[in-house]
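# Pasting the sequence and the predicted coordinates here, then a few questions.
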Amino acid sequence: MSWQWESMAAEAVLRHGGPADARALLPLFLSAPAAHEALVPVFARHGERRLAESLLEATIDGGRLRDGVPSGVLHAVGRLGYAPAASLLWDHLDGSHYVSRDACLGLLHLPCDELRGVIAEALEKHEGSALFPEFLPVLAPKTNDPAWLDRLVAWGENHASVDCNGGLILGISLHGDRARAAFARLLWNDRWEACGTSTGSALWTYAGTRVLGLGLPQLYADSRARLHADADPDVQRDALRSFITLLRLRCADVWTGVASAETRAESLDTLYSVLFSPTPDGRDTLTELADRVFGSADPLSDEVRHLEDTLRAAAMHEWSFRAATSR
């Protein structure tokens, strides 16, 4: 298969496969890990402890990933709950951005009791820095110190570069219900650029909304409330642009790799109805709202029309799939 076709096939297995698929694909991956990186999320979602052991045995040499092995393997073995790998994952936090990211995302899924102290020390070492290992803050809840919620918020609001705050955003959401108010504030705060696509923060903001159970209908209501509460055109554009980014990620059904973000989302037909169906009170659809805020000729208004078509097609597919699999 070409890389493009394998990537699409892997995504289909990621969405609809199971443990048997992960076991069947493991030999292919191990034959040439760099060429089959698209398979790693399949292992992370559908693998089992024995597969995690096999992955580590084949890809680690002297306590480090072998050359050419995708760093996502670190994420996968952690997500599979393979606790013996915790120290090894921690030792990879001194690697490149992607290695460090995947090690942190792997540790996120492990108890980390023996690492509690060193995690706290590392956070304190970097706290207040503009640039730091970006995903280290997702491990703040592992310290069992509730004060880290406010400390992460202050870090992001006062010091962190927007190029380096994806982990802060996700780390805040991982503090659970008591983080909802803080997360809602940062979501619409331009200082955070939480839905920035160039910095990569948007994906982790989207993951955070899923962790906290903030559905898109609720977020759409929040963004509309901001449009009505603030007449500043820049504020209105920022709020609507942020929502459109989250909608784009939902339509793509992106893989975040965060298990707690995989709560069942609202159905696509429900979402389509909320955003694009006419309402009895004559309220603007998202398409009409975008035309009003951005202007009908703006690229973002064009994107909303494209998302409307995409969401409608996806909702039809979702309905057909439900009907076919319920027989």
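Looks like it came in fine. Residues are numbered from 1 along each chain as shown.
# from here on, contacts and neighbour counts on C-alpha atoms
Will do.
# where does the protein have low pLDDT?
Where the chain drops to pLDDT under 70, the residues are 1-3, 327.
# Which helix in it has the most residues?
helix 299-325 (DSSP state H).
# Buried residues, that helix. List them.
Residues of helix 299-325 classed as buried under the neighbour-count rule (16 or more other CA atoms under 10 Å) are 300-302, 304-305, 307-308, 310-312, 314-315.
# could I get those residues as TSV with distance to residue 218?
Output for those, formatted as TSV (distance: CA to CA, whole Å):
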residue	distance to residue 218
300	21
301	21
302	23
304	18
305	21
307	18
308	18
310	21
311	17
312	19
314	20
315	19
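# Any idea how far apart the tips of stretch 208-221 sit?
Stretch 208-221 has its terminal residues 18 Å apart, counting by CA to CA, to the nearest Å.
# What lies in contact with that stretch?
Here stretch 208-221 makes contact (CA atoms under 8 Å, 6 or more residues apart in numbering) with 169-170, 173-174, 176-177, 180, 243, 246-247, 260-263, 265-266, 271, 274-275.
# Now find how far off-centre it is within its chain.
Stretch 208-221 has its C-alpha centroid displaced from the chain centroid by 13 Å (CA atoms, centre = their mean, to the nearest Å).
# If we go by neighbour counts, what in that stretch is buried?
So stretch 208-221, judged by 16+ other CA under 10 Å, has buried residues 208-214, 216-217, 219-220.
# just stretch 10-22 next, same as before
10-11, 13-14, 21-22.
# Let's see which of the contacts of stretch 208-221 end up in strands.
Among the contacts of stretch 208-221, no residue falls in strands (DSSP state E).
# before we move on, the earlier item: quick check: of the buried residues of helix 299-325, which lies closest to residue 58?
Among those, residue 314 lies closest to residue 58 (CA to CA), at 38.7 Å.
# any idea how far the closest one lies from residue 208?
23 Å.
# Ok, residue 247 next?
14 Å.
# dump the residue contacts of residue 119.
Shown in contact with residue 119 (CA under 8 Å, 6+ apart): 139-140, 142-143.
# would you turn the residues you listed into CSV with secondary structure, neighbour count and distance to residue 26?
Formatted as CSV, these follow (DSSP: H, G, I helix; E, B strand; the rest coil; neighbours: other CA atoms under 10 Å; distance: CA to CA, whole Å):
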residue, secondary structure, neighbour count, distance to residue 26
139, helix, 24, 29
140, helix, 27, 33
142, helix, 21, 31
143, helix, 19, 34
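# Export those residues to TSV and append columns for distance to residue 292.
Below are those laid out as TSV (distance: CA to CA, whole Å):
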residue	distance to residue 292
139	42
140	42
142	45
143	47
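# Export only the CA atoms of stretch 177-187, formatted as CSV.
Extracted C-alpha coordinates of stretch 177-187, given in CSV (Å, rounded to 0.1, in the frame of the first residue of the first chain):
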residue,chain,number,x,y,z
ASP,A,177,-15.1,19.5,37.2
ARG,A,178,-13.5,22.2,39.4
ALA,A,179,-11.5,23.3,36.3
ARG,A,180,-14.6,24.0,34.2
ALA,A,181,-14.8,27.7,35.0
ALA,A,182,-11.1,28.3,34.4
PHE,A,183,-11.2,26.4,31.2
ALA,A,184,-14.3,28.3,29.9
ARG,A,185,-12.4,31.6,30.6
LEU,A,186,-9.3,30.6,28.7
LEU,A,187,-11.2,29.1,25.8
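# which parts of that stretch are buried?
Neighbour counts over stretch 177-187 (16+ other CA under 10 Å) mark 179-180, 183, 186-187 as buried.
# The helix or strand encompassing residue 86 - contacts with which helices or strands?
If you go by DSSP states H and E, residue 86 is part of helix 86-91. Contact partners of helix 86-91 among helices and strands, from 3 or more CA pairs under 8 Å, 6 or more residues apart in numbering; DSSP states H and E: helix 97-107.
# next SSE after the helix it packs on?
Next along the chain after helix 97-107, taking DSSP H and E as the criterion, comes helix 116-126.
# Give me the buried positions along the helix or strand residue 250 falls within.
For residue 250, the element it lies in under DSSP H and E is helix 233-252. Residues of helix 233-252 classed as buried: 235-248, 250-251 (neighbour count, 16+ other CA under 10 Å).
# For that helix, what is the distance to the chain centroid?
16 Å.
# Does anything pack onto that helix? Which helices or strands?
Partner elements for helix 233-252 (3+ CA pairs under 8 Å, 6+ apart): helix 201-211, helix 216-229, helix 286-294, helix 299-325.
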